[in-house]
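Trainee: Give me a model of this one.
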Amino acid sequence: MWLFPRLSSPQPVLVSIAKETSNNDKLTQALHRAADLADPKIRRRFREAADKLTDYDEQELVDALQRGDLNRALFILNIQDFPALFLTVSPEITALAIRAVEITLANLATRRVQVDIVRVNPRAVAWARRYSSKLVVEIGDTTREALRTIIADGLQAGNNPRVIARDIRQVIGLNTQRAKAVQNYRTRLEAAGEKGIERKVERHAAKQLRDRAETIARTEAINSVSAARYIAMDTAYDLGQLPRSVKRKWIPAANACPKVCAPMRGQVVGMKEDFIAGDGRRIKHPGAHVLCRCSEATVF
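Mentor: All right, here's what the predicted structure looks like:
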């Protein structure tokens, strides 16, 4: 049974509120630590998948470019295999979701709420598998679009097929925005008459790939622990282990984005309700955008 302080006694109420705030803070900190520990593993899976895309016959690619055959060029680049290559991230996300469930249930236990992990894990695992599948498709699509853009731009500009092939190798694994950044960097160096351009561009492209891997890893790790926390809490709610009046409160990160997350500061919703972001979107739990570090608090 959940124990509530008597409203006629102001001192216990104040103590309870302070204790509840501390409890929520500890849970958020523990979940974010778990996400940070999983970050390098997710990053490594992305880099491994991107590296495997560089294993292709460059002369065959040049021949396709000489014919202006965009689809054949993309096929040679094995981009259609990227989702399968990156699907190795699924076990990492699943393991992180399960760990986040364990952390959340342990935190609930300090509130005298007992939920059998067997009742929660199947939901968390099912979510992780669905999410992983969607994630690898989305990242595969953005990677394919970047290569398509680089090839199409090169062909339209009449560039030498070997120059286009060089540009492709340097941007494999990037999205369109980052691939364009590499191209623009080369253009600036050439316009300035810089020396050692190839080496500088290769370093810049490598940094863009590291940054993309880091962005993906940090974003998906936080999304995973946030979803797992919600699943654990929602399961406890469905099992009648949490009071029907329990609420969820959005806690913006210190650097919360002003247009999406900051407007949700202090927003309180029911367990089954969505938060309404500053841009009007309905959001089930924190992880509202790329690199979001916001959290939520359970309000009893």
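Trainee: ok, and the helix or strand in the chain with the lowest average confidence?
Mentor: One helix or strand of the chain scores below all others by mean pLDDT, DSSP states H and E: helix 10-52, with a mean of 79.
Trainee: Now do the phi/psi pair for the residue nearest to R178 when sequence neighbours are not counted.
Mentor: Nearest residue to R178, sequence neighbours excluded (Cβ to Cβ, 6 or more residues apart in numbering): Q208, at 4.4 Å. The C-beta positions use only the backbone N, C-alpha and C, and glycine is treated the same way. Backbone geometry at Q208, expressed as degrees, to the nearest 10, gives phi -60, psi -40.
Trainee: Report how many residues lie close to Q208.
Mentor: Q208: 21 surrounding residues under other Cβ atoms under 10 Å.
Trainee: tell me the domain boundaries of the protein?
Mentor: Domain assignment for the chain, taken from automatic domain parsing, gives 10-242, 245-300.
Trainee: If you average pLDDT over each of the ones you listed, which is lowest?
Mentor: Of all the domains of the chain, mean pLDDT reaches its minimum on domain 10-242 (a mean of 91).
Trainee: re the thing from before, which residues are in contact with the residue nearest to R178?
Mentor: Contacts of Q208 were listed using Cβ atoms under 8 Å, 6 or more residues apart in numbering, and they are V171, L174, R178, A179, A181, V182.
Trainee: Please name the nearest non-neighbouring residue to Q267.
Mentor: W250 (4.6 Å).
Trainee: one step back: immediately after the least confident helix or strand of the chain, which helix or strand?
Mentor: Next along the chain after helix 10-52, taking DSSP states H and E as the criterion, comes helix 58-66.
Trainee: which residues touch that next one?
Mentor: Helix 58-66 has contacts (Cβ under 8 Å, 6+ apart) with 72-73, 76-77, 151, 154-155, 161-162, 164-165, 168-169.
Trainee: Could you rerun that using 6 Å?
Mentor: For helix 58-66, contacts defined as Cβ atoms under 6 Å, 6 or more residues apart in numbering pick out R72, A73, I76, P161, R162, I164, A165.
Trainee: now do stretch 275-286
Mentor: Under the contact criterion Cβ under 6 Å, 6+ apart, stretch 275-286 has outside partners 226, 230, 250, 259-260, 263-264, 267, 269, 274, 288, 294-296.
Trainee: Give me the buried entries from the contacts of helix 58-66.
Mentor: Among these, those buried by neighbour count (16 or more other Cβ atoms under 10 Å) are A73, I76, P161, I164, A165.
Trainee: can you name the two of the contacts of Q208 that are farthest apart?
Mentor: Within the contacts of Q208, V171 and A181 form the most distant pair, 9.2 Å apart (Cβ to Cβ).
Trainee: Pick out whichever of these two has more residues nearby.
Mentor: A direct count of neighbours by other Cβ under 10 Å for V171 and A181 places V171 higher, at 24 against 18.
Trainee: Which residues lie in contact with the nearest residue to the more buried one once chain neighbours are set aside in this structure?
Mentor: Nearest-residue entry for V171: A179, 3.9 Å, with adjacent residues in sequence omitted and distances by Cβ to Cβ, 6+ apart. Contact partners of A179, counting by Cβ under 6 Å, 6+ apart, are A146, I150, V171.
Trainee: what's the answer for R265, then?
Mentor: Shown in contact with R265 (Cβ under 6 Å, 6+ apart): P252.
Trainee: likewise T104?
Mentor: Contact partners of T104, counting by Cβ under 6 Å, 6+ apart, are R229, A232.
Trainee: That one sits in which helix or strand?
Mentor: Assessed by DSSP H and E, T104 sits inside helix 90-109.
Trainee: For that helix, C-alpha coordinates in PDB please.
Mentor: The C-alpha trace of helix 90-109 is given here as PDB (Å, rounded to 0.1, in the frame of the first residue of the first chain):
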ATOM      1  CA  SER A  90      19.700  -3.800 -31.700                       C
ATOM      2  CA  PRO A  91      21.300  -5.900 -28.900                       C
ATOM      3  CA  GLU A  92      22.900  -2.700 -27.400                       C
ATOM      4  CA  ILE A  93      19.700  -0.800 -27.300                       C
ATOM      5  CA  THR A  94      17.800  -3.900 -25.900                       C
ATOM      6  CA  ALA A  95      20.400  -4.400 -23.200                       C
ATOM      7  CA  LEU A  96      20.200  -0.700 -22.300                       C
ATOM      8  CA  ALA A  97      16.400  -0.700 -22.100                       C
ATOM      9  CA  ILE A  98      16.500  -3.700 -19.800                       C
ATOM     10  CA  ARG A  99      19.100  -2.000 -17.600                       C
ATOM     11  CA  ALA A 100      16.900   1.100 -17.500                       C
ATOM     12  CA  VAL A 101      14.000  -1.000 -16.400                       C
ATOM     13  CA  GLU A 102      16.000  -2.600 -13.600                       C
ATOM     14  CA  ILE A 103      17.100   0.900 -12.400                       C
ATOM     15  CA  THR A 104      13.500   2.200 -12.500                       C
ATOM     16  CA  LEU A 105      12.100  -0.800 -10.600                       C
ATOM     17  CA  ALA A 106      14.800  -0.500  -8.000                       C
ATOM     18  CA  ASN A 107      13.900   3.100  -7.600                       C
ATOM     19  CA  LEU A 108      10.200   2.300  -7.300                       C
ATOM     20  CA  ALA A 109      11.100  -0.300  -4.600                       C
END
